[in-house]
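1. how does the following fold in three dimensions:
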Amino acid sequence: MFASLSEQDLQSIAGYFYEAHYDKETVIFYERDLPSDTGSKIYFVLKGCIKLVKYSSDGESTIVRLSSVGEFFGATGALTDKPMPYSAEALSETTVIYIEKNNFIRVVERFPQVALGMIIALGEVLWFNYETHNQVVKKTDARVSKILLYHYKRDGHIDTPDGKLLNINLPHDYIASMTGIAYEESVRIVSRLKKTHDCIHYLRGGKIVITDLDKLSEMAQAEEACCFY
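-> You can find the predicted model right below:
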């Protein structure tokens, strides 16, 4: 969002931002909170990961998405003054910077390209949600593969002797929530991607190692062929 600004421009707006640290499982705000009560803030992740989650009346949780390093959250509520559409919880020890709504508007008035960057980023989130929640095609293997590829591209990886280790952990409950499938089905699909298709390894805590990127990409596109049948 701010990549197009010069170092001088960034220094000129740095005073609008504040840093905050959260321990694991700390709730930054709750679903239905009024942004005006918490300062109408837009948050940017510097370190760690934030889980954006919704809870049903019986307490069942659904993960909306994970907001990792470089991403923002809280913008919808802050800019519309409507109740927050989800709760935000630190998935690990996390550091963020935040900017209040009025100051963000001042930044956008000076640098309209920042608003364009936000629109593009929100568009990418909408496309990701469509790709992973598309119920027209029932091939859940493909939807899970798309999630892994999305985070491979978004969050990056570390090359290891076993393959490409994703920089973000993707536990089964997240994969299940993002694809609209049961937890047990997520376990079975990940197992198939490992044992049958031999393209990933799933390690404790949601660590994912992509062992065959081409094969995983092939699995992600498998649904396209079936759309014509």
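2. helix or strand next in line after the helix ranked longest in the chain, which one?
-> The longest helix of the chain (DSSP state H) is helix 112-133. Per DSSP states H and E, the first helix or strand lying C-terminal to helix 112-133 is helix 140-155.
3. packing partners for the longest helix of the chain?
-> Here helix 112-133 touches strand 61-67, helix 101-110, helix 140-155, helix 172-179, going by 3 or more Cβ pairs under 8 Å, 6 or more residues apart in numbering; DSSP states H and E. Any C-beta I mention is one placed from the backbone N, CA and C, and that applies to glycine too.
4. between those, which one is nearest to Lys82?
-> Among those, the nearest to Lys82 by Cβ to Cβ is helix 101-110 (12.3 Å).
5. tell me which residues of that closest one come out buried.
-> Under the neighbour-count criterion of 16 or more other Cβ atoms under 10 Å, helix 101-110 has Lys101, Asn103, Phe104, Val107 buried.
6. please apply the same query to stretch 83-93.
-> Applying 16+ other Cβ under 10 Å to stretch 83-93 flags Met84, Tyr86, Ser87, Ala88, Glu89, Ala90, Leu91, Ser92 as buried.
7. doesn't the first one fall inside a strand?
-> No - if the criterion is DSSP: H, G, I helix; E, B strand; the rest coil, then Met84 is coil and not within a strand.
8. could you verify my assumption that it touches Ser36?
-> No - between Met84 and Ser36 no contact is recorded; they are 11.0 Å apart, counting by Cβ atoms under 8 Å.
9. got the domain ranges for the protein?
-> Split into domains by automatic domain parsing, the chain comes to 7-131, 134-226.
10. which of the ones you listed comes out lowest on mean pLDDT?
-> Least confidently modelled of the domains of the chain is domain 134-226, at a mean of 87 by mean pLDDT.
11. figure out which of the helices and strands packed on helix 112-133 is closest to Cys199.
-> The nearest among those, by Cβ to Cβ, is helix 140-155 at 8.2 Å.
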